[in-house]
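Participant: Any chance you could fold what I've pasted below:
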Amino acid sequence: MVNRNSRRVTLCKLAAASGMIDPKLISVKDIVLGEWVRWKCKYGCPDYGMWLTCPPYSPTPTETRALLKEYKRALLFRMKPDKGKLKSLANLERALFLEGYRKALAFSGGHCNLCSTCNIPSRTCRKPEIARPSMEACGIDVFETARRAGYQISILKDRNSEFTYFGMVLVD
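Facilitator: Residues are numbered from 1 along each chain as shown. Predicted structure coming up:
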């Protein structure tokens, strides 16, 4: 029988090997949801309605809450805001699946950057094997979730400040 600590180390090592920064294994009970998060997308984000991985096309907080009931743990981590972030995230999800975490399901941070324009008219993603919804789009309060996990996080007051996204994979 594999002990919990070695499973945690294995999960975090897989995340780090996939390019994720400072991965932490958390309880899904520490994932905070709020209806207000999607409202911030709708009234404040220039990408609202532009990507199938974002509102109004992404799962609602109610749907996300129902999904979280099927899990106990998640990997939370930081991600660099580069073009390869979604491919790295999809690769991590697959690596976890191949390690026996058959329910592994990833969430990104920020909007999808796989295509220059999204296939909104047909509502069919061109790259469903890589595209993942953002945590915010699904109603996850990333700031409070990250704080509960022990990350130091604050609001950036300058749009030119260097930042990282948060990503997450539900594991079991």
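Participant: okay, the residue nearest to Leu75 when sequence neighbours are not counted: pLDDT?
Facilitator: Counting by C-beta to C-beta, 6 or more residues apart in numbering, Leu75 lies nearest to Val169, which is 4.7 Å off, once chain neighbours are set aside. C-betas here are computed from N, CA, C, even on glycine. Note for Val169: predicted pLDDT of 98.
Participant: who touches the strand or helix carrying Val169?
Facilitator: With secondary structure defined by DSSP states H and E, Val169 is part of strand 165-170. Applying C-beta atoms under 8 Å, 6 or more residues apart in numbering, the external contacts of strand 165-170 come out as 15, 20, 28, 31, 67-68, 71, 73-81, 85, 89, 92-93, 96, 103-110, 135, 140, 142, 145-146, 151.
Participant: re earlier: next, count neighbours for the residue nearest to Leu75.
Facilitator: 28 (other C-beta atoms under 10 Å).
Participant: ok so, going back, of the contacts of strand 165-170, grab the buried ones for PyMOL.
Facilitator: Buried subset of the contacts of strand 165-170, written as a PyMOL selection, criterion 16 or more other C-beta atoms under 10 Å:
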select buried, resi 15+20+28+31+68+71+73+74+75+76+77+78+79+85+89+92+93+96+104+105+106+107+108+109+110+135+140+142+145+146+151
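Participant: Among the contacts of strand 165-170, which ones are in helices?
Facilitator: Within those, residues falling in helices by DSSP state H are 15, 67-68, 85, 89, 92-93, 96, 142, 145-146.
Participant: And the residues you listed, which is the shakiest by pLDDT?
Facilitator: Lys85 (89).
Participant: Grab the most central residue of this protein for me.
Facilitator: Closest residue to the average C-alpha location of the chain: Phe107 at 2.5 Å, with C-alpha atoms, centre = their mean.
Participant: Isn't that residue up against Glu136?
Facilitator: No. At 9.2 Å, Phe107 does not count as touching Glu136 under the criterion of C-beta atoms under 8 Å.
Participant: got the CA coordinates for the helix or strand of the chain at the bottom of the mean pLDDT ranking in CSV?
Facilitator: Using mean pLDDT, DSSP states H and E, helix 4-17 stands out as the lowest-scoring helix or strand of the chain, at a mean of 85. The C-alpha trace of helix 4-17 is given here as CSV (Å, rounded to 0.1, in the frame of the first residue of the first chain):
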residue,chain,number,x,y,z
ARG,A,4,-0.3,9.4,1.4
ASN,A,5,2.9,11.3,1.8
SER,A,6,4.6,9.5,-1.1
ARG,A,7,1.6,10.0,-3.3
ARG,A,8,1.7,13.7,-2.5
VAL,A,9,5.4,13.8,-3.4
THR,A,10,4.7,11.9,-6.7
LEU,A,11,1.9,14.3,-7.6
CYS,A,12,4.0,17.4,-6.9
LYS,A,13,7.0,16.0,-8.7
LEU,A,14,4.9,15.3,-11.8
ALA,A,15,3.5,18.8,-11.7
ALA,A,16,7.0,20.3,-11.3
ALA,A,17,8.4,18.1,-14.2
